[in-house]
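Peer 1: just to be clear, the model below is a prediction. Sequence and coordinates:
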Amino acid sequence: MLKITEIEKGSPAEKAGITSLFSILDINGHEVNDQLDFTFYSADEQLKISFKTGEITKEVVFSDSGNNGITVEEIKVKHCGNDCVFCFVTQNPKGLRESLYVKDEDYRFSFLDGSYFTLTKTTEKELHRIVDMKLTPMYISVHAIIPEVRKELLGIKKDDELIKKMSFLADNKIEMHTQIVLCPDMNDGEVLDDTITTLRNFYPQVASIAVVPVGKTKHREDLPFVRSVTKDDAKKVIDLISSYQEKFLDEIGTRFIFPADEFFLKSGLDIPLDEYYEEYQQYEDGIGMVRNFIDSFQEAVENFPKKIKKKTQITIVTGYSFYPIIEKYVIPSLTKIKGLQVELFKVENKLLGKEITVAGLLSGNDIIDTVLENNSKSDILLIPDTCLNFNGLFLDDLSVDDLKVKLKRDVVKLDSFSELFNLM
């Protein structure tokens, strides 16, 4: 059964005598267990819904599709039972908000939000549900195809039959985007070769592969040793992927596999041009974000003023990895504007450790410390919008308003530099 949380006043459901005390049993004969079932089966033109409260069962026919004024409880996340050696959740320090310790492994959120899951705990019934409801695309964390390596990486004892499950999804036309978290000396080299070639055999149902470097915080007490990705590792990964991209472009007309921006930043190699990323299939996995930023900024520059009326000093903060990009592409253009003074600071991640260099994982307190340590007297502080969650909070639960109070200046979350002069 699926609990009802609210009934809209004046809706067809209320007129039929349904209240929030009821739960939904089925829709047009289909069992309803979660919000996804409710949305999917409510798309039929005519709905016959069975409700229950206590010992009372009621059947109502609605002439229209949709929710008919019914709000149901949100999906409860299925938790992950794996013990991945690279799991970021297990590397979080104590004292952060509860949601940062949730290890999810849920095919429903893979479809709804594009989040990755491993298929490890996915049952045959759930696989059939994915197919029956056409939940496509799916985002699959592969990491390695060889069972023994995959077991070591995921911290599982038995072969989870990944290939069998992916074959079933592929045979039933479910599109999959895949991910490999690269752990040096574990799933690189020949193992990576094997993983890539095996996934290529699933094309076009496997539509892309993202390769991202393992992220390590300073809070890895009692966790297995995982070597960090070095500059040399990054270059080797890019070289390997480039050779496959040339081959795949010739064979299937797509590069198919893409390295994360971090590999280019760590290696010091130039960021590829826009065409390299094709349709930006793996953008949310940190692939193509830097190129998109560069191109968006260069487009915005065309509308920058030559001077501003009131002299203004701004401070830009970012992580260590993105600092060279801001320094190379942003600062020269801003310093040409008369009346505008600009300072750029790279923020050390004291909360998670020096190896975490991306701007999106900076805490509010680390930004505050950096600005104060540099004795900045700027009028405006610009922070990356990726630092904040949907509720406008940093990892340490500080808000933009908290930074304004502590730093005694305006603090602006910047989505695009084209907005900067409107703000000023």
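Peer 2: That came through fine. Numbering: from 1, shown residues only.
Peer 1: any idea how many residues pack against residue 307?
Peer 2: Using other Cβ atoms under 10 Å, the number of residues around residue 307 comes to 10. For the C-beta atoms, the positions are set from N, CA and C on the backbone; glycine is no exception.
Peer 1: do the same with residue 258
Peer 2: Neighbours of residue 258 under the rule other Cβ under 10 Å: 25.
Peer 1: likewise residue 36?
Peer 2: Neighbours of residue 36 using other Cβ under 10 Å come to 18.
Peer 1: could you point out which element follows the helix or strand where it lies?
Peer 2: Using DSSP states H and E, residue 36 maps to helix 35-41. Sequence-wise, the next helix or strand downstream of helix 35-41 (DSSP H and E) is strand 47-53.
Peer 1: would you mind putting the CA coordinates of that following strand into CSV?
Peer 2: Below are the C-alpha coordinates for strand 47-53, written out as CSV (Å, rounded to 0.1, in the frame of the first residue of the first chain):
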residue,chain,number,x,y,z
LEU,A,47,-8.4,5.3,-13.4
LYS,A,48,-10.0,2.8,-11.1
ILE,A,49,-8.2,3.2,-7.8
SER,A,50,-8.7,0.9,-4.8
PHE,A,51,-8.2,2.7,-1.4
LYS,A,52,-8.1,1.3,2.2
THR,A,53,-8.3,2.7,5.7
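Peer 1: who does that strand pair with, and is each partner parallel or antiparallel?
Peer 2: For strand 47-53, the paired strands and their directions (DSSP bridges) are strand 23-27 (antiparallel), strand 56-62 (antiparallel).
Peer 1: that older thread, return the distance of the helix holding residue 36 from the chain's centre.
Peer 2: When C-alpha coordinates are averaged (Cα atoms, centre = their mean, to the nearest Å), helix 35-41 and its chain have centres 24 Å apart.
Peer 1: before we move on, what about stretch 256-272?
Peer 2: In terms of Cα atoms, centre = their mean, the centre of stretch 256-272 is found 18 Å from the chain centre.
Peer 1: next: stretch 283-302.
Peer 2: Centroid displacement of stretch 283-302 relative to its chain, using Cα atoms, centre = their mean, is 17 Å.
Peer 1: looking at the chain, which strand is longest?
Peer 2: strand 307-318 (DSSP state E).
Peer 1: name the residues that touch that one?
Peer 2: Under the criterion Cβ atoms under 8 Å, 6 or more residues apart in numbering, residues 326, 330, 334, 337-347, 359, 362, 367, 370-371, 376-384, 420-421, 424 lie in contact with strand 307-318.
Peer 1: kindly report the same for stretch 14-33.
Peer 2: Contacting residues not belonging to stretch 14-33 are listed as 1-8, 37-38, 41-42, 44, 47-53, 57-58, 60, 62, 69-70, 72 [Cβ under 8 Å, 6+ apart].
Peer 1: of the residues you listed, select the buried ones using a PyMOL command.
Peer 2: PyMOL command restricting the contacts of stretch 14-33 to the buried ones, with burial defined by 16 or more other Cβ atoms under 10 Å:
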select buried, resi 2+4+7+37+38+41+42+47+49+50+51+60+62+69+70+72
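Peer 1: of all the strands paired with strand 47-53, which one comes closest to residue 104?
Peer 2: Distance to residue 104, taken as Cβ to Cβ, is lowest for strand 23-27 among the strands paired with strand 47-53, at 24.3 Å.
Peer 1: specify the next element, helix or strand, located C-terminal of the closest one.
Peer 2: Sequence order places strand 30-31 as the next helix or strand after strand 23-27, per DSSP H and E.
Peer 1: in its sheet, what does that next one sit against?
Peer 2: Strand 30-31 sits in its sheet next to strand 23-27 (antiparallel), going by DSSP bridges.
Peer 1: packing partners of the helix holding residue 36?
Peer 2: Other elements packing on helix 35-41 under the criterion 3 or more Cβ pairs under 8 Å, 6 or more residues apart in numbering; DSSP states H and E are strand 2-7, strand 23-27, strand 30-31, strand 70-72, helix 107-113.
Peer 1: quick one: mean pLDDT for it?
Peer 2: Throughout helix 35-41, pLDDT has a mean value of 95.
Peer 1: quick revisit: now the helices and strands packed on helix 35-41 in TSV, with mean pLDDT and distance to residue 186?
Peer 2: Formatted as TSV, the helices and strands packed on helix 35-41 follow (pLDDT from 0 to 100; distance: least, Cβ to Cβ, whole Å):
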stretch	mean pLDDT	distance to residue 186
strand 2-7	97	42
strand 23-27	97	46
strand 30-31	94	42
strand 70-72	97	43
helix 107-113	94	24
